[in-house]
Every structure is written in C-alpha cells, then in structure tokens.
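S.K.: I need the structure of the sequence given here:
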Amino acid sequence: MTLRVAIFVSGGGSNMVALADSMTDDHPARAAVVLSNDATAGGLVKARARGIPTEVVDHHPFNGDRKAFEAAISERLAPYEPDVICLAGFMRVLTPSFTVMWQGRMLNIHPSLLPKYKGLHTHARALEAKDHAHGCTVHLVTGKLDDGPILGQASVPIYQNDTPQILAARVLEQEHILYPQQLRRFCQELTLPTQS
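M.R.: Numbering: from 1, shown residues only. I've put the predicted structure just below:
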C-alpha cells in the first residue's frame, strides 16, 4: 500500500522539494498534491515541474474566517484522498477543528529545538538568548501552535558571528535532511501490519 501525501506550502517550497524528491523507489509514500494559500508561491512552480498536482486556496477572500478557509482546503484535498499532510512552510495557523480531523496524520517542521521558541523569529530569539545550539524539529500537529509529539530533531552549533540569516541557512540544511528522514519512518510505521 502506497500512502498519499499532501504537502502544504506558502513560499519557495524548499522543504516540499526535499520531501517530494525523497518519495521514490521503496519509499512507502508519494506526493499526491501540493496546496498553497498563495498563488504566487514558488513551491507551486517546483511542484508542477515535478509533475505533482497543485491546488491554491487563497486565505484573503475569507476575511479571517479560518473555519471557512479550512473547509475550502478540505474540499480541494478530497479528490486526492491523502493519507498524510506535511506542513512545509505553510504560514497559516490551523484551527483545532481542522487538526483533529488529521490527528496522528499531520506533520510539521519547525525551525527550533521545541519546546523552545514556538512561533516566529526563532533564529533571532536563539541568538538573543545566547544559546550555544539551535536546530529544527519534526512533530505531529495538534490544536496548539508548534506543539504535539516530537518525531525527531536536528541540532546545529551557534557561532559568535552568526546573524539570524546565517543561522537560518544552517538550520535549513538540516531541515532538508530531517524532514524526509522522519516522513519515511512515519510512513513505514503507518504501513506496518497491525498485530492481532
């Protein structure tokens, strides 16, 4: 059984590319669709170049009605019958009513060593705190922001002359390794035969 993965992006989609390009050969999953809230997202172009179907649900017309926005997302996803959702730089907070439908089947990558630095500006916050290490976390999504069971983490050192941009680039390299690794492991576990 091959699992179908929907990948949500809002920007350039470098993590989407890492995920999609990893789902080959004996991988238990394939990218079924890439969905974005921004029609100009570079990730959509990269997905189409890989032959992956794309969908756009612009959040602006919903005027802050997140439940209506999420209902539109669900409607667009339905034909692709995804088994798993991967958030890969999707810059919209999803409500608990949406996340509960995907409980145990929605993954996110966050650029910090959770539970440290939930939310935005994680690299600047790590530097301001004078941390010695920073990194990224793949976790299951729950109704709380950047919360949920941690599946894996990767750490990078922080150097004296780091800026948020330099640190972000170092972390992103690890994201491109960690996210595909954790998705493969997660999908392998999902496809294991259940013990009677």
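S.K.: For residue 195, report the pLDDT, please.
M.R.: pLDDT for residue 195: 53.
S.K.: before we move on, what about residue 139?
M.R.: 98.
S.K.: pretty sure residue 34 is touching residue 7, no?
M.R.: Yes - judged on Cβ atoms under 8 Å, residue 34 makes contact with residue 7 at a distance of 4.9 Å. In this view, the C-beta of every residue, glycine as well, is placed from N, C-alpha and C.
S.K.: shared neighbours, the two?
M.R.: 16, 20, 47 (Cβ atoms under 8 Å, 6 or more residues apart in numbering).
S.K.: How about the second one: what's its closest non-neighbour residue?
M.R.: Sequence neighbours aside, residue 31 is the residue nearest to residue 20 in space, at 4.4 Å (criterion: Cβ to Cβ, 6 or more residues apart in numbering).
S.K.: The one you found sits in which helix or strand?
M.R.: Per DSSP states H and E: residue 31 is located in strand 29-36.
S.K.: which other residues reach stretch 88-102?
M.R.: Taking Cβ under 8 Å, 6+ apart as the rule, stretch 88-102 contacts 7-16, 19, 36-37, 43, 59, 66-67, 69-70, 73-74, 85, 106, 109, 141-143, 145, 179.
S.K.: what's the answer for stretch 185-196, then?
M.R.: 1, 3, 5, 27-29, 83-84, 105, 107, 151-152.
S.K.: Could you save those as JSON lines and add columns showing distance to residue 167 and secondary structure?
M.R.: Converted to JSON lines, the contacts of stretch 185-196 look like this (distance: Cβ to Cβ, whole Å; DSSP: H, G, I helix; E, B strand; the rest coil):
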{"residue": "1", "distance to residue 167": "40", "secondary structure": "coil"}
{"residue": "3", "distance to residue 167": "33", "secondary structure": "strand"}
{"residue": "5", "distance to residue 167": "29", "secondary structure": "strand"}
{"residue": "27", "distance to residue 167": "30", "secondary structure": "coil"}
{"residue": "28", "distance to residue 167": "33", "secondary structure": "coil"}
{"residue": "29", "distance to residue 167": "31", "secondary structure": "strand"}
{"residue": "83", "distance to residue 167": "34", "secondary structure": "coil"}
{"residue": "84", "distance to residue 167": "29", "secondary structure": "strand"}
{"residue": "105", "distance to residue 167": "31", "secondary structure": "coil"}
{"residue": "107", "distance to residue 167": "23", "secondary structure": "strand"}
{"residue": "151", "distance to residue 167": "23", "secondary structure": "strand"}
{"residue": "152", "distance to residue 167": "20", "secondary structure": "strand"}
